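>>> Sequence unavailable; structure follows:
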């Protein structure tokens, strides 16, 4: 694997929180200079996936040997050889555990950049929902070969920042990888069937949720108003296209924010409820109990070390 080529900023970010030990994993970062700086990261360091450098990235991780596990949104996901993980929120990943024989490869790119490449078809929308529900795709040997070939092409062209059409080339190669992942997902879960109108509504809802507005807006009526449809119509479409209720979809974006607040002891429960625009502490507690499975006080106690 090629030599490391980390800039000072990226190297510092990847090592943040370490105690001076040398980073042993092979990590390569290629920066693309446009109106917004983009970093493509290739790495075999499992412990770096939730580093500050990857905070806004989407990570595509292939397990090539052994097994490991991680916790995402309070759910534990176990993976082993030939499993592909799509991590759209690496900053939410916790409790990384690796067996001694674990070997992985991952490719990371800014999430907003990858989303801008997504085709305007029904599968691109439904696939995003499905991967938030379960980020693990089990690949067969042929699919592993295809994915590794996609990574090789990306790595091969990542150095060519002086090419006049560098952005277009990298975008095309990323899109090829995305289409292949869609095919892997379809083989495992089946095709996702929605009308173009339903897919558009779902995409627009997800675009709104991904702005972070769900921190203070938790009600279906708010999103229905933004989308110029009735709450009932929005709920019906989301259930038909995703198999879950619209409140459940909204909570998938809201609960990680709640969890981050609860993990910060500097905020009282009353302050969190106020920051997130809940009308009362009791309403906030009921919301947590419904979507986290436990009350906020119980969640905080669960974070304390056992004695």
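Noted; the coordinates are in hand. This is a predicted model, so every value here is computed, not measured.
>>> for residue 275, what are its contacts?
For residue 275, the contact set (C-beta atoms under 8 Å, 6 or more residues apart in numbering) comprises 215, 261, 267. No exception for glycine: its C-beta is placed from N, CA and C like everyone else's.
>>> Show me how to select, in ChimeraX, the buried members of the residues you listed.
In ChimeraX, this line selects whichever of the contacts of residue 275 come out buried by 16 or more other C-beta atoms under 10 Å:
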select :261
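>>> In three-state terms, how would residue 259 be classified?
helix (DSSP: H, G, I helix; E, B strand; the rest coil).
>>> Tell me the spacing between it and residue 141.
Between residue 259 and residue 141 the distance, using C-beta to C-beta, to the nearest Å, works out to 37 Å.
>>> Comparing those two, which shows the higher neighbour count?
residue 259 (19 against 8; other C-beta atoms under 10 Å).
>>> could you pull out the strands for the chain?
Ranges of strands in the chain, per DSSP state E, are 27-32, 38-43, 57-65, 67-72, 75-80, 83-87, 93-98, 103-110, 136-138.
>>> could I get these as TSV with mean neighbour count?
Output for these, formatted as TSV (neighbours: other C-beta atoms under 10 Å):
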stretch	mean neighbour count
strand 27-32	19
strand 38-43	21
strand 57-65	21
strand 67-72	18
strand 75-80	14
strand 83-87	22
strand 93-98	14
strand 103-110	21
strand 136-138	17
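>>> Need the pLDDT of residue 55.
Residue 55 is assigned 75 on the pLDDT scale.
>>> pretty sure it is touching residue 91, no?
Yes: using C-beta atoms under 8 Å, residue 55 is in contact with residue 91, at 4.7 Å.
>>> who has more neighbours, these two?
More crowded of residue 55 and residue 91, by other C-beta under 10 Å: residue 91, with 16 against 13.
>>> and the more buried one, what does it touch?
50, 54-56.
>>> again, only using 7 Å
Taking C-beta atoms under 7 Å, 6 or more residues apart in numbering, we find residue 91 in contact with 50, 55.
>>> Return the distance of it relative to residue 73.
11 Å.
>>> and if you look at residue 173?
Taking C-beta to C-beta, one finds residue 173 at 30 Å from residue 73.
>>> With residue 147 instead?
24 Å.
>>> out of the two, which sits in the busier spot?
Neighbour count, other C-beta under 10 Å: between residue 147 and residue 73, residue 147 has more, with 22 against 16.
>>> residues contacting the more buried one?
Neighbouring residues of residue 147 by C-beta under 7 Å, 6+ apart: 62, 84, 139, 180.
>>> what does residue 108 give?
41, 54, 57-59.
>>> Those: which two are farthest apart?
Greatest spatial distance in those: 41 and 58, 10.7 Å, computed using C-beta to C-beta.
>>> burial of the closest residue to residue 89 other than its chain neighbours, as a residue count?
Among residues not flanking residue 89 along the chain, residue 256 sits closest, at 6.7 Å (C-beta to C-beta, 6 or more residues apart in numbering). Residues near residue 256, counting by other C-beta under 10 Å, number 17.
>>> where's residue 256 relative to residue 93, distance?
11 Å.
>>> now the strands of the chain as JSON lines including distance to residue 222?
Listed next are these as JSON lines, based on distance: least, C-beta to C-beta, whole Å:
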{"stretch": "strand 27-32", "distance to residue 222": "36"}
{"stretch": "strand 38-43", "distance to residue 222": "32"}
{"stretch": "strand 57-65", "distance to residue 222": "27"}
{"stretch": "strand 67-72", "distance to residue 222": "26"}
{"stretch": "strand 75-80", "distance to residue 222": "27"}
{"stretch": "strand 83-87", "distance to residue 222": "28"}
{"stretch": "strand 93-98", "distance to residue 222": "29"}
{"stretch": "strand 103-110", "distance to residue 222": "28"}
{"stretch": "strand 136-138", "distance to residue 222": "32"}
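>>> Of all the ones you listed, which one comes closest to residue 155?
Across the strands of the chain, closest to residue 155 is strand 38-43 (C-beta to C-beta), at 5.5 Å.
>>> Please give me every residue in contact with residue 70.
Here residue 70 is in contact with 77, 93, 95-96 (C-beta under 7 Å, 6+ apart).
>>> Report the separation between the nearest residue to residue 88 once chain neighbours are set aside and residue 207.
Leaving aside its chain neighbours, residue 88 sits nearest to residue 58 (5.1 Å; criterion: C-beta to C-beta, 6+ apart). Noted for residue 58: a distance of 15 Å to residue 207, by C-beta to C-beta.
>>> Sweet, I'm off.
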